[in-house]
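K.L.:
This is a predicted model, with the sequence first.
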Amino acid sequence: MTWILLNLPLDQIPINEVLITCCQQSKIHHVKYIFHEVDNAQLDIKGAFVQACRVVPKDIILFHKLKEVELNHLMIVDYLFKMKDDKESYLSLVVNEIFEKKKSDIILYFLQAGYCMNTHMKNILIEACRYGQVQLVQWILGNVEHKDLDIKSAFLEACNGMIYVGRKKPFLKNHFDTNKLVCVAIMWHFIQDVHFFEIDTILKTITKTKLCMSSSDSDVYYIDSDTESSSEVDLETWLLYIQNINQTMKCKFDSSVSITEENKN
């Protein structure tokens, strides 16, 4: 693509096709070069923006490092989005698609830019927790009224990546990863109310998993021979920590109320 742009007359090549290809390949410098060298009135900016929003960076990981591609991808979306004043019309072309395809990086970009605020944040938070999308979870909890969110369901989704037990043949399902654990920690940071979390339910599941691991009966539920994952242990540690903190806060509150009552008497 670089050779084409530098060696062929730009007015003799299908420049909009080249622009869209550069957007799809997350080539931010090529995109900027085209806009600098070509009369912008000839460019299909809206079409390029739509294609940029549809890009899935992991699809081109063979050619670039993922983090670099993701950054360039967002830079292109941002660059094109700022080119026009009628941003709402631009956004209307892709908003349904980016939410249906759960493109968290693009969703977060538009939320931070002040758009899509009327979208169902309850569902977005649940999806973000399900896939361990830390930055999106943090933004929603920090910017959306908690009463408009389903914290319990989001918490359970974040915990659903733990090791599951199966019958006769051990297997792993959605191994609990670090990002989901971070989501749990972030939820506690913002909420700090144990009633919003199904902690006992998750702890019972972890306990059941441990018991199944120690069983030698092939007819009983058990898990992969990797034994307990460090993530599962970390999850249990975090949940017990939350319980202990909550109990400490409750004791302090009860003690304060008791002292107040005594002073009244």
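P.N.:
Great, that's in hand.

K.L.:
how many neighbours does residue 74 have?
P.N.:
Number of residues near residue 74 (other CB atoms under 10 Å) recorded here: 18. From N, CA and C alone the C-beta is placed, and that goes for glycine too.

K.L.:
could you show me where the helices are in the stretch 51-200 of the chain, in order?
P.N.:
Using DSSP state H, counting those that start in this stretch, the helices assigned to the stretch 51-200 of the chain run over residues 66-81, 87-92, 95-100, 104-112, 121-130, 134-143, 151-159, 178-191, 199-213.

K.L.:
want to throw these into TSV with mean pLDDT and distance to residue 54?
P.N.:
Listed next are these as TSV, based on pLDDT from 0 to 100; distance: least, CB to CB, whole Å:
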stretch	mean pLDDT	distance to residue 54
helix 66-81	84	10
helix 87-92	82	13
helix 95-100	80	7
helix 104-112	88	9
helix 121-130	89	18
helix 134-143	94	19
helix 151-159	89	26
helix 178-191	87	24
helix 199-213	75	36
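
K.L.:
Mind putting those helices into TSV with distance to residue 53?
P.N.:
Formatted as TSV, the entries for the helices of the stretch 51-200 of the chain read as follows, by distance: least, CB to CB, whole Å:
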stretch	distance to residue 53
helix 66-81	6
helix 87-92	9
helix 95-100	6
helix 104-112	6
helix 121-130	16
helix 134-143	16
helix 151-159	25
helix 178-191	23
helix 199-213	36
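
K.L.:
contacting residues for the residue nearest to residue 151 when sequence neighbours are not counted?
P.N.:
Distances taken as CB to CB, 6 or more residues apart in numbering place residue 196 nearest to residue 151, at 4.2 Å, with adjacent residues excluded. Applying CB atoms under 8 Å, 6 or more residues apart in numbering, we find residue 196 in contact with 151, 152, 155, 187.

K.L.:
now that we're looking at the last one, how far away is residue 158 from it?
P.N.:
Taking CB to CB, to the nearest Å as the measure, residue 187 and residue 158 are separated by 7 Å.

K.L.:
intersection of neighbour lists for these two?
P.N.:
Counting by CB under 8 Å, 6+ apart, the residues touching both residue 187 and residue 158 are residue 129.

K.L.:
Between the two, which is the more surrounded one?
P.N.:
Regarding residue 187 and residue 158, a neighbour count based on other CB under 10 Å identifies residue 158 as having more, with 30 against 24.

K.L.:
For residue 40, find the nearest of the helices of the stretch 51-200 of the chain.
P.N.:
For residue 40, the closest of the helices of the stretch 51-200 of the chain is helix 66-81, at 11.2 Å, according to CB to CB.

K.L.:
mind listing what's buried in the closest one?
P.N.:
Neighbour-count burial for helix 66-81 flags 69, 70, 72, 73, 74, 75, 76, 77, 79, 80, 81 (criterion: 16 or more other CB atoms under 10 Å).

K.L.:
Just the closest of those to residue 37, please.
P.N.:
residue 79 (15.1 Å).
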